[in-house]
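In: what follows is a predicted structure for the sequence shown.
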Amino acid sequence: MSFVRPEIIRPPSEWRSYYLPLTSGCSNNTCTFCNYYGSKLRLRELEDVLKEIDALALFKTKGICLPSISYVVYAVARGWDGRRVFLQDGDALVYPFPRLKEVLEHLNEKFPSLERVGAYATARDILQKSPAELKILKELKLGILYMGVESGDEEILRRVGKGVNYRQMVEAGRRVKEAGIALSVTVILGLGGVEDSERHALATAEILTEIDPDYAGALTLTLVPGTPLAVQVREGLFHPITPFQSLEELRIILENSSFTHCFFSSMHASNYFSIKGWLPGEKERMMGELAYVLARKDPRLLRPEYARGL
């Protein structure tokens, strides 16, 4: 079956990047909350990736569009400044090391002003790359990896089909940082439901402290139709937390985690209230903002449901 270019799903910080697909789907397709649940991982042929890079370079240097190249390439390339590339899809780091190395080498050759390449990566992807391989990728400008942590609670991780445990995620984070690659992690408020809300928040604070990432983002659980978790909610087997309970989880995580130097935010569109700042320096201010909203419990202070999204 031929490779089908995936939809553009990317971290907010990659909004100015060029989106280069190496894979579609996700190798860990068992997470019960995720829109990649049940997806089939497909690897793109290296030859096709290199052809796209060549076509991109031709367009940026001479303005020439090739009829054999997807219109998406040119639609994205028109506003691209040549500085950042984001590798698709859900976990592009699963792409075999020799091929990934060649892709990065070709990008560097064609775009000398390239500053940074980023990608989503599962903990398992990272652990399948040796420390030496990660350092080589870093030298080829792989500058940031985005890893979903979701929770620090072992039972919740097992329940949602995460596929890795607490220690594996800590080890994966350590390996990325030792290679000199920036690490951005995400956690999901509400993933433990009402019953395990506090336990989830405390364990998540613990794993964030151990990983000590460069960037950490909190998302709020958003039910994706058709996923097992959405079915569990419909059948009354999972009880979602309220908007203000999600902010209480955020408060617990912020209060109980400690970082060396981390930009922490809840700016994602799934959240009901946004905080952001560098930790530990801005912790007191951020805690104060949360305390203000939690004390008043005024729904007008929250992002309305219609404005939330994945």
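Out: Cool, got the structure. Numbers count the residues shown, from 1 in each chain.
In: stretch 115-133: end-to-end distance?
Out: End-to-end span of stretch 115-133 (CA to CA, to the nearest Å): 19 Å.
In: buried ones in that stretch?
Out: Neighbour-count burial for stretch 115-133, counted by 16 or more other CB atoms under 10 Å, picks out V117, G118, A119, Y120, A121, T122, A123, R124, D125, I126, Q128, K129. (Each C-beta comes from the backbone N, C-alpha and C, glycine too.)
In: so how far is that stretch from its chain's centroid?
Out: 13 Å (CA atoms, centre = their mean, to the nearest Å).
In: residues making contact with stretch 102-118?
Out: 11, 14, 17, 20, 22, 46, 49-50, 53-54, 56-57, 60, 82-87, 95, 137, 140-146 (CB atoms under 8 Å, 6 or more residues apart in numbering).
In: in strands, which of the residues you listed appear?
Out: Mapping these onto strands (DSSP state E) picks out L20, R84, V85, F86, L87, L142, G143, I144, L145, Y146.
In: mind checking the SS state of Y36?
Out: The three-state label given to Y36 by DSSP: H, G, I helix; E, B strand; the rest coil is coil.
In: show me where the stretch 51-200 of the chain has strands.
Out: Secondary structure of the stretch 51-200 of the chain by DSSP state E, counting those that start in this stretch: the strands cover 84-88, 116-120, 142-150, 182-189.
In: which stretches of the stretch 1-150 of the chain form helices?
Out: Counting by DSSP state H, counting those that start in this stretch, the stretch 1-150 of the chain has helices at residues 46-62, 71-77, 97-110, 123-127, 131-139.
In: buried residues, the second one. List them.
Out: Pointing back at helix 71-77 there. Neighbour-count burial for helix 71-77, counted by 16+ other CB under 10 Å, picks out V73, V76, A77.
In: for that helix, packing partners?
Out: strand 18-21, helix 46-62 (3 or more CB pairs under 8 Å, 6 or more residues apart in numbering; DSSP states H and E).
In: ranking the helices of the stretch 1-150 of the chain by mean pLDDT, which is last?
Out: Mean pLDDT is lowest for helix 71-77 out of the helices of the stretch 1-150 of the chain, coming in at a mean of 92.
In: isn't there a strand covering A216?
Out: Yes: residue state for A216 (three-state DSSP) corresponds to a strand.
In: what secondary structure does the residue lying closest to it once chain neighbours are set aside sit in?
Out: Spatial nearest neighbour of A216, chain neighbours left out: F264 (4.9 Å); criterion: CB to CB, 6 or more residues apart in numbering. Assigned by three-state DSSP, the conformation of F264 is strand.
In: hey, what's F264 bridged with?
Out: A216, G277 (DSSP bridges).
In: quick check: it touching G281?
Out: No: assessed by CB atoms under 8 Å, F264 is found out of contact with G281, at 10.8 Å.
In: show me which of those two is the more surrounded one.
Out: Ranked by neighbour count (other CB atoms under 10 Å), F264 and G281 place F264 first, with 24 against 10.
In: who touches that one in this structure?
Out: Contacts of F264 (CB under 8 Å, 6+ apart): Y215, A216, G217, A218, L254, I275, K276, G277, W278, L279, M286.
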